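>>> Give me the fold of what follows.
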Amino acid sequence: MNTFTRSVDLLQRAMSVNSLRYQVTANNISNAETPNFKRQEVNFESELKKALDSEKDEKSLTLAVNDDRHIQISSVRDFRDVQPRRTVDWSSSTNANGSNVDAESEAMNIMKIQLNYRLLAQLENFEFSQLRTAMKK
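Numbering: from 1, shown residues only. Next up is the predicted model:
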């Protein structure tokens, strides 16, 4: 996979995850007053980093496996297989009604998500502008 394709794919995946984060955060805000509602968040970047690092970290010791149930020590993980995960915060409760949603921090989270999405869109636009420049030459 060439660098351009990889960059655009990563940017589009990040934008999709940001959209999911926006939906999850909006859901948290809309349920802030729901008794015993537990906030959710989206985890993605840590698993993506592990997958990208697995491509770089070629281990010198590899085990021969001849069965799917065998444990592999060093396997390269394709970053395109990484999926965002919704997680529920069961451990904390901040409101008297048992809900752990702080509407103010969720609203700040929405702003952060929007700014991040704009940045990702600008980066994607930059990638395509570089391609257009290269095609003109």
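>>> which residue ranges form the helices in the chain?
Secondary structure of the chain, counting by DSSP state H: helices at 3-30, 45-56, 103-136.
>>> contacting residues for residue 35?
By Cβ atoms under 8 Å, 6 or more residues apart in numbering, the residues touching residue 35 are 97-99. The way it works is simple: take the backbone N, C-alpha and C, and place the C-beta from them, glycine included.
>>> can you rerun that using 6 Å?
In this structure, residue 35 makes contact with 97-98, judged by Cβ atoms under 6 Å, 6 or more residues apart in numbering.
>>> do you know how far it is from residue 130?
Distance of residue 35 to residue 130, given as Cβ to Cβ, to the nearest Å: 52 Å.
>>> Repeat that for residue 88.
Distance, residue 88 to residue 130, by Cβ to Cβ: 41 Å.
>>> nearest residue to residue 90 other than its sequence neighbours?
residue 38 (5.7 Å; Cβ to Cβ, 6 or more residues apart in numbering).
>>> Name the helix or strand of the chain that has the lowest mean pLDDT.
Of all helical and strand segments in the chain, the minimum by mean pLDDT, DSSP states H and E falls on helix 45-56, at a mean of 86.
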